[in-house]
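*Asks:* could you look at this predicted model? Sequence included:
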Amino acid sequence: MTLSRTLILGAALAISTATVATAQNLRGAGGASPNHPSTYMYERFASYLEEESGGSMSLTLVGSEVVSLLQVPDALQSELISVGNVLPLFFAADFQRTNVAGDMALMGRDSHAMALAMTEFVVNCEPCQQEFSNKGMVFLGAGASDVYVLITTSPVRTAADLQGLRLRSGGAPFARWAENFGATPVSIAVGEQFEGMNQGTIDGSMASIVDMLSFRLVDVAKYVTEVPLGTYHVTSNFSFGKPAWASLSEEQRATVVRAANRANPTLTDRWGFQLPEAARNAVGGSSIEVITPDADLLEASSSFAMEDAAARIAADPLAADFAALVEKWSGIVAELGNDPDVLSARAFEEIWANVDLSTYGL
């Protein structure tokens with residue numbers, strides 16, 4: 001073998017070895033079943049991570065049978081996973097300031113606007129960042145559900161029809177809405193709605209239309225009342241474990257952020273648009289009646305939502321910050337539309353381009 005050929009082969013081997021040495025395989029957990037929107041999002045995140053890194057970074061998905069939603073924080077702390085889907089409302093005591101945004105749920109009228117407002121809110125909220133740091137996590141973006149509606153076993157056409165109904169509530173804002181109209185909010189797990197409606201212990205649920213399929217409410221519900229109730233948007237789609245985050249170079253962190261930023265709107269697209277469309281198609285093929293309530297109920301509901309938000313804003317500056325961001329992103333989404341790629345590009349420009357990744361989360 002000639003000297004020049006030996007040098008070429010040696011250089012090639014060195015490059016190959018360096019590439020292997022810097023390659024990063026992360027472990028991630030969406031925390032839910034294969035059909036859940038978070039799994040859809042994590043599959044896209046894996047693809048985007050490889051694309052953004054030129055193949056030097058990858059993601060191995062860990063199933064919910066190994067790490068469930070409730071187990072994600074512990075799995076991050078034990079370093080079983082590098083990144084996971086965390087729902088701060090599930091851990092209210094640990095995320096009291098972050099969850100201020102959740103108490104503004106009745107503002108939710110546009111899924112993408114709420115998700116993007118939530119992302120910008122947490123990135124720039126010092127006490128929120130401290131809460132994530134205290135739990136050994138780094139926040140990399142949020143998503144949102146569709147706008148909740150009433151799914152019931154008796155018709156709701158007017159405000160009077162709500163009197164005395166027992167409605168499953170997913171949180172304090174929805175409970176306040178129910179009580180305002182003389183209904184009784186019932187706090188039960190989302191998976192118990194079907195049995196509750198089937199047995200008559202509740203008269204319905206303030207929920208995503210997607211629950212028609214996810215929890216088979218299509219088999220027990222008789223009515224859907226199209227009164228917009230708000231969104232579920234307090235998510236931390238990609239909660240990075242601090243040790244894993246600290247181990248990445250600044251360039252690798254930038255790669256992860258770009259991939260997460262592209263994947264975040266895909267959760268909202270799936271949860272807020274694709275699955276609701278499928279659920280509405282299923283409702284359309286059933287005997288369930290879809291009700292457009294009278295104008296008085298719609299106006300009263302909207303007025304209560306505004307009054308509720310005003311009360312939160314007056315009580316807490318963080319609520320005012322979040323409300324301002326909802327207004328900002330509602331305008332941006334109205335201008336750009338609902339394309340996830342277009343929105344992720346704007347989110348990067350508005351949010352992540354201003355973040356110092358040499359210090360963020362550390």
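*Replies:* Looks like it arrived, so ask away. Numbers count the residues shown, from 1 in each chain.
*Asks:* tell me the bridge partners for the closest residue to Q193 other than its chain neighbours.
*Replies:* Leaving aside its chain neighbours, Q193 sits nearest to S205 (4.8 Å; criterion: CB to CB, 6 or more residues apart in numbering). In short, each C-beta sits where N, CA and C put it, glycine included. Under the criterion DSSP bridges, S205 forms beta bridges with I151, R168.
*Asks:* tell me the spacing between S205 and Y40.
*Replies:* 23 Å (CB to CB, to the nearest Å).
*Asks:* contacts only, for the residue positioned nearest the centre of the chain.
*Replies:* The C-alpha lying nearest the average C-alpha coordinate of the chain belongs to G143 (CA atoms, centre = their mean; 3.1 Å). G143 sits next to 37, 41, 115, 233, 235, 237, 264-265, 267-268, 271 when contact means CB atoms under 8 Å, 6 or more residues apart in numbering.
*Asks:* and if you look at V156?
*Replies:* Taking CB under 8 Å, 6+ apart, we find V156 in contact with 150, 162, 165, 204, 223, 225, 227, 291, 293, 297.
*Asks:* secondary structure added to those, as TSV?
*Replies:* Below are these laid out as TSV (DSSP: H, G, I helix; E, B strand; the rest coil):
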residue	secondary structure
L150	strand
L162	helix
L165	coil
G204	strand
Y223	strand
T225	strand
V227	coil
I291	strand
P293	coil
L297	helix
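*Asks:* among those residues, name the buried ones.
*Replies:* 150, 162, 165, 204, 223, 225, 227, 291, 293, 297 (16 or more other CB atoms under 10 Å).
*Asks:* in CSV: the contacts of V156, plus pLDDT and distance to S247.
*Replies:* Shown next, in CSV, are those (pLDDT from 0 to 100; distance: CB to CB, whole Å):
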residue, pLDDT, distance to S247
L150, 98, 48
L162, 98, 53
L165, 98, 52
G204, 98, 48
Y223, 98, 53
T225, 98, 50
V227, 98, 48
I291, 98, 54
P293, 97, 53
L297, 98, 54
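*Asks:* ok, so of those, who is nearest S303?
*Replies:* L297 (10.7 Å; CB to CB).
*Asks:* wait, the closest one touches A159, no?
*Replies:* Yes. Using CB atoms under 8 Å, L297 is in contact with A159, at 4.8 Å.
*Asks:* residue boundaries of the strands in the protein?
*Replies:* Under the criterion DSSP state E, the chain contains strands at 24-29, 57-61, 83-86, 137-139, 149-152, 166-168, 184-186, 204-207, 223-225, 236-241, 289-291.
*Asks:* contacts for the third one, please.
*Replies:* Contacts with strand 83-86, where a contact means CB under 8 Å, 6+ apart, come from 26-32, 38, 41-42, 59, 67, 69, 72-73, 75-76, 137, 140, 235-241, 244, 256.
*Asks:* repeat that for 7 Å
*Replies:* Strand 83-86 is contacted by residues 26, 28-31, 38, 67, 69, 72-73, 75-76, 137, 236-240 when judged by CB atoms under 7 Å, 6 or more residues apart in numbering.
*Asks:* got any ranges where the protein has weak pLDDT?
*Replies:* Across the chain, residues meeting the criterion (pLDDT under 70) sit at 1-22.
*Asks:* care to break it down by domain?
*Replies:* 25-144+235-280+313-354, 149-230+286-302 (automatic domain parsing).
*Asks:* rebuild those domains as a markdown table, extending it with distance to L362.
*Replies:* Formatted as a markdown table, those follow (distance: least, CB to CB, whole Å):
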| stretch | distance to L362 |
| --- | --- |
| domain 25-144+235-280+313-354 | 6 |
| domain 149-230+286-302 | 32 |
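*Asks:* for D161, give me its contacts.
*Replies:* By CB under 7 Å, 6+ apart, D161 lies in contact with P155.
*Asks:* again, only using 8 Å
*Replies:* When contacts are counted by CB under 8 Å, 6+ apart, D161 touches 154-155.
*Asks:* perfect, that will be all.
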